[in-house]
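Participant: Fold the following for me, if possible:
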Amino acid sequence: MAAAIDAVVLIHALGVAMRRIGESHPVWEQARASHHFVEEAQEIRMSAVAWFEIWRGMERQQSSAIISWRSRIHIQPIDARTAQRASELYGAVRRSGKVCERCLGFLPASKCASCGAQGSRQQRENDILIVAGADVDSDVDVLYTHDAGMQALAQFVHGMRIIPPPRPPAEQLPLAGATPIAHANIPRERKTKKSSKQ
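Facilitator: As a prediction, this is how the structure comes out:
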């Protein structure tokens, strides 16, 4: 099975690759997980909507950085099936009573951690299109995103998870003069036989 990602995951991965997001950055852990997934995944699915969100503000340096990943990113088109599924999700979200009628944000609405702004109605509709595109793709069983509003859409789909990218494995930090654990000569504990009673 394949995994799909939204625009923020790829943006965070780019931030790490270009050294714009470091360990002191507020979103370092999210960005590190995003970068690790994008680097290691053999195939990545991404909605044409998310691809547009990436390229509309792309800088020349960023576009060159993304070339190494492009061959593994399959762009999901906005076709009739995606549009139909998006309309079903849109209706389910509206009928749920869990969203603001004006902006479609899930209540209580989450604010941007950076500027405090809330997502627009257009952005919420884009999120629905992205989820719909992943949902109709029979090869996708997970959509990775850091967006809480998109994660909330998981309750309206079946057979697909909408979660943050998995955390990468911890790295062993080298210590001066220390022998790596894998090469250490650690004596094994000897097992003594218990004497049987006569």
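Participant: CA atoms for contacts and neighbours, from now on please.
Facilitator: Fine.
Participant: which residues sit against the helix or strand of the chain with the lowest mean pLDDT?
Facilitator: When each helix and strand of the chain is scored by mean pLDDT, DSSP states H and E, helix 60-70 comes last, with a mean of 83. The contact list for helix 60-70, computed with Cα atoms under 8 Å, 6 or more residues apart in numbering, reads 14, 17-18, 38-39.
Participant: L143: which of these is nearest?
Facilitator: Among the contacts of helix 60-70, V38 lies closest to L143 (Cα to Cα), at 12.9 Å.
Participant: what helix or strand does the closest one sit in?
Facilitator: Assigned by DSSP states H and E, V38 belongs to helix 28-40.
Participant: Following that helix in sequence, what is the next regular element?
Facilitator: Assigned by DSSP H and E, the successor of helix 28-40 is strand 44-47.
Participant: any chance you could map the strands in the chain?
Facilitator: 2-5, 44-47, 73-76, 140-144, 161-163 (DSSP state E).
Participant: Distance to A152, mean neighbour count and mean pLDDT added to those, as JSON lines?
Facilitator: Putting the strands of the chain into JSON lines (distance: least, Cα to Cα, whole Å; neighbours: other Cα atoms under 10 Å; pLDDT from 0 to 100) gives the following:
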{"stretch": "strand 2-5", "distance to A152": "15", "mean neighbour count": "23", "mean pLDDT": "97"}
{"stretch": "strand 44-47", "distance to A152": "18", "mean neighbour count": "22", "mean pLDDT": "98"}
{"stretch": "strand 73-76", "distance to A152": "21", "mean neighbour count": "17", "mean pLDDT": "96"}
{"stretch": "strand 140-144", "distance to A152": "12", "mean neighbour count": "21", "mean pLDDT": "98"}
{"stretch": "strand 161-163", "distance to A152": "8", "mean neighbour count": "20", "mean pLDDT": "98"}
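Participant: Between those, which one is closest to G97.
Facilitator: G97 lies closest to strand 161-163 among those, at 20.5 Å (Cα to Cα).
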